[in-house]
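# Have a look; sequence and predicted model below, questions after that.
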Amino acid sequence: MSQGFEGRDIISIHDFSRKEIEHILDVSKKMIPIAKGEAQDFSLKGKILSPIFFEPSTRTRLSFETAMNRLGGSVVGFSDPEITSLKKGETLADTIRMVESYSDVVVLRHPMEGAAKLAADFTEKPVINAGDGAGQHPTQTMLDLFTIWMEKGAIDEKNVVLVGDLKYGRTVHSLACALAKFGANLTFVAPEVLQMPKEIIDYVQEQGVSYSQSDNLEKAIESADVLYVTRIQGERFPDPAEYQKVVGTYRVDNELLKGAGKDIIVMHPLPRVDEIHPDVDGTPHAVYFKQAFNGVPVRMALLALILGVVK
Amino acid sequence: MKEIKVAPIKNGTVIDHISCGMAFKVLKILGISDANVDSTVSVLMHVPSKKTEWKDIVKVEDKELEPIEVDKISLVAPDATINIIRNFEVVEKKTVELPDVAVGILKCGNPNCVTNSREPVRTEFVLKSRNPIQLSCSYCGRELENIVDHII
Ligand SMILES: Nc1ncnc2c1ncn2[C@@H]1O[C@H](COP(=O)(O)OP(=O)(O)OP(=O)(O)O)[C@@H](O)[C@H]1O
Ligand SMILES: [Mg+2]
Ligand SMILES: [Zn+2]
């Protein structure tokens, strides 16, 4: 049963049914011309969004601000020094109660897990989780799903390969669960030490989709529709030589992509470092910049839905 | 047949069918390890039981339990029964029940969970399974390990 979107918090992707996510994707698609500035819609005129970012995040923050502005709304946030002073003194609960009095929707990025739920406990205004520690980042998951759906026409039955840091990566856990819920077939490619945690595997299994684990990227992409690449961080490896070896093994370049189907798309949450060779950028496989753009229409859709201007 | 091996109590509470070895955890939950208790407390450990092989029993004079204490006991001794004694007789008997949502009685094991910061918030855990007991934090989502050690 759909509870409707107006006034709702967006804390975790798990709070949304497949039907609800499909509706969000439909609305997101309609937002594309407005997101590109080709059409105009100021239905959020008079509404104020407050981004509260306790951690730097240019991409997510800009994308929310752009989304709000494109729909005619305004943004009243904090600058960094103000956030720094907040960090020292006030509790998050107090910050939220203060911000609530002058905004219509709060977008929160915070280093602690569960911060977005806590914020939502202290305000009647909708809270959107823009990342809480190693926890959830639901709007990233939604824009990832949107990108696959737009590029491939469906998510069901698509073969999706997730490669990189599957153990600690914030985005891949939620994404794997959401893809499983949508019926995609999953292959997890990572060195043993960075493989998907057991609770995610358990969840994927419960959804009844086919999945496999491997450390061989070349083999995995042979029949893949989507290759989702994430960054492997050096600090996960005590031995720098080991790190270099792993990074080398999973680097995506045109040579590697020759072994894949011609329609494979390559995704990345960005920023990338060495995981994808710049030569890939000019090929039709590269959709990571489009993916980043997709953050705007998806966030427009979410804002329009929870502020009640779209049903 | 009543298995009374210590002097019977006139008024108070008998916590029976405590999982063997958990009596001290129950005392801790009741705050009885502190020196500020002025009622008689008797503990029977490793008592033969009809239901399970062995059990512990805790008897506290002149005290009836708060609901929050009963919730905590359910976590360490899910089969316990709480018997209220008035005038030497059992006048009420109830079995403890694991709450579907445990509020304010457990500490999250994730140091980076927002409930472990100085925010004014009570912890909340959702019961995922009764046997074995599995609880997950409503804030960070982490499953709680060593549940008994995390009782507040
Ligand atoms: N006046 C009392 N003082 C101390 N302990 C008592 C007193 N009356 C009963 N008890 C203890 O309280 C517990 C419950 O008593 P009850 O008479 O209900 O036993 P029971 O029929 O064996 O109950 P159960 O089916 O729960 O095991 C027993 O452990 C008993 O020894
Ligand atoms: Mg008995
Ligand atoms: Zn927690």
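In hand now; what should we look at? Numbers count the residues shown, from 1 in each chain, chains lettered A, B, ... in the order given. Ligands and ions are numbered 1, 2, ... in the order given.
# Those residues of chain B touching chain A, which are they?
B:110, B:112-115, B:117-121, B:137-143 (Cβ under 8 Å from any Cβ of the partner chain). (Glycine included, C-beta is placed from N, CA and C.)
# which non-adjacent residue is nearest the residue of chain A found nearest ligand 3?
Going by Cβ to the ion, ligand 3 is nearest to residue A:114 of chain A, at 5.4 Å. Using Cβ to Cβ, 6 or more residues apart in numbering or on different chains and skipping residues adjacent in sequence, the residue nearest residue A:114 is residue B:139, 2.7 Å away.
# How about residue A:37?
residue A:70 (7.5 Å).
# Now do that neighbour: how many residues are near it, please.
Residue A:70: 23 surrounding residues under other Cβ atoms under 10 Å in any protein chain shown.
# Go ahead and confirm it touches residue A:35.
Yes - assessed by Cβ atoms under 8 Å, residue A:70 is found in contact with residue A:35 at 5.9 Å.
# joint contacts of those two?
When contacts are counted by Cβ atoms under 8 Å, 6 or more residues apart in numbering or on different chains, residue A:70 and residue A:35 have A:296, A:300 as shared neighbours.
# what sits opposite residue A:276 in the beta ladder?
residue A:252 (DSSP bridges).
# contacting residues around it?
Residues near residue A:276 by Cβ under 8 Å, 6+ apart: A:229, A:251, A:252, A:253, A:266, A:268, A:286, A:288.
# gap between it and residue A:19?
Distance, residue A:276 to residue A:19, by Cβ to Cβ, to the nearest Å: 34 Å.
# for residue A:197, what are its contacts?
Neighbours of residue A:197 in contact, by Cβ under 8 Å, 6+ apart: A:167, A:173.
# now do the same end-to-end measure for stretch B:135-152.
Start-to-end span of stretch B:135-152 (Cα to Cα, to the nearest Å) is 15 Å.
# Tally up the residues packed near the nearest residue to residue B:133 once chain neighbours are set aside, please.
In space, and not counting its chain neighbours, residue B:133 is closest to residue B:147: 6.0 Å by Cβ to Cβ, 6+ apart. Residues near residue B:147, counting by other Cβ under 10 Å, number 18.
# same check, this time on residue B:10
Residues contacting residue B:10 under the criterion other Cβ under 10 Å number 12.
# Report the contact partners of the residue nearest to it when sequence neighbours are not counted.
Excluding its sequence neighbours, the residue lying closest to residue B:10 (Cβ to Cβ, 6+ apart) is residue B:88, at 5.8 Å. Each residue near residue B:88 by Cβ under 8 Å, 6+ apart is listed here: B:8, B:9, B:10.
# among these, which are in reach of ligand 1?
For ligand 1, the contacts drawn from the contacts of residue B:88 by Cβ under 6 Å from any ligand atom are B:8, B:9.
# Turn the contacts of residue B:88 into TSV, including pLDDT, secondary structure and distance to ligand 3.
Listed next are the contacts of residue B:88 as TSV, based on pLDDT from 0 to 100; DSSP: H, G, I helix; E, B strand; the rest coil; distance: Cβ to the ion, whole Å:
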residue	pLDDT	secondary structure	distance to ligand 3
B:8	90	coil	44
B:9	92	coil	40
B:10	94	coil	44
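# Go through the contacts of residue B:88 and name the one nearest residue B:101.
residue B:9 (33.4 Å; Cβ to Cβ).
# Enumerate every residue touching the closest residue to that closest one other than its chain neighbours.
In space, and not counting its chain neighbours, residue B:9 is closest to residue B:61: 4.7 Å by Cβ to Cβ, 6+ apart. By Cβ under 8 Å, 6+ apart, the contact list for residue B:61 reads B:9, B:10, B:11, B:12, B:39, B:40, B:41.
# please redo it, this time with the cut-off set to 10 Å
Contacts for residue B:61 (Cβ atoms under 10 Å, 6 or more residues apart in numbering or on different chains) come out as B:7, B:9-13, B:37-42, B:85.
# Quick check: which of those has the minimum pLDDT.
Lowest-confidence member of the contacts of residue B:61: residue B:37, scoring 71 (pLDDT).
# that's a helix at that residue, yeah?
No - Residue B:37: not assigned to a helix; according to DSSP: H, G, I helix; E, B strand; the rest coil it is coil.
# ok, how many other residues are close to it?
Around residue B:37 there are 16 residues (other Cβ under 10 Å).
# Is it correct that it is in contact with residue B:12?
No - judged on Cβ atoms under 10 Å, residue B:37 makes no contact with residue B:12 at a distance of 11.9 Å.
# what touches both of the two?
B:60, B:61, B:62, B:63.
# Residue B:82 is in contact with the last one, correct?
What that stands for is residue B:63. No - look at residue B:63 against residue B:82 with Cβ under 10 Å: they stay out of range, at 11.3 Å.
# Following the chain onward from the helix or strand of chain A with the lowest mean pLDDT, which element is next?
In chain A, no helix or strand scores lower on mean pLDDT, DSSP states H and E than helix A:80-88, which sits at a mean of 65. Next helix or strand after helix A:80-88 toward the C-terminus (DSSP states H and E): helix A:92-100.
# Thanks a lot, catch you later.
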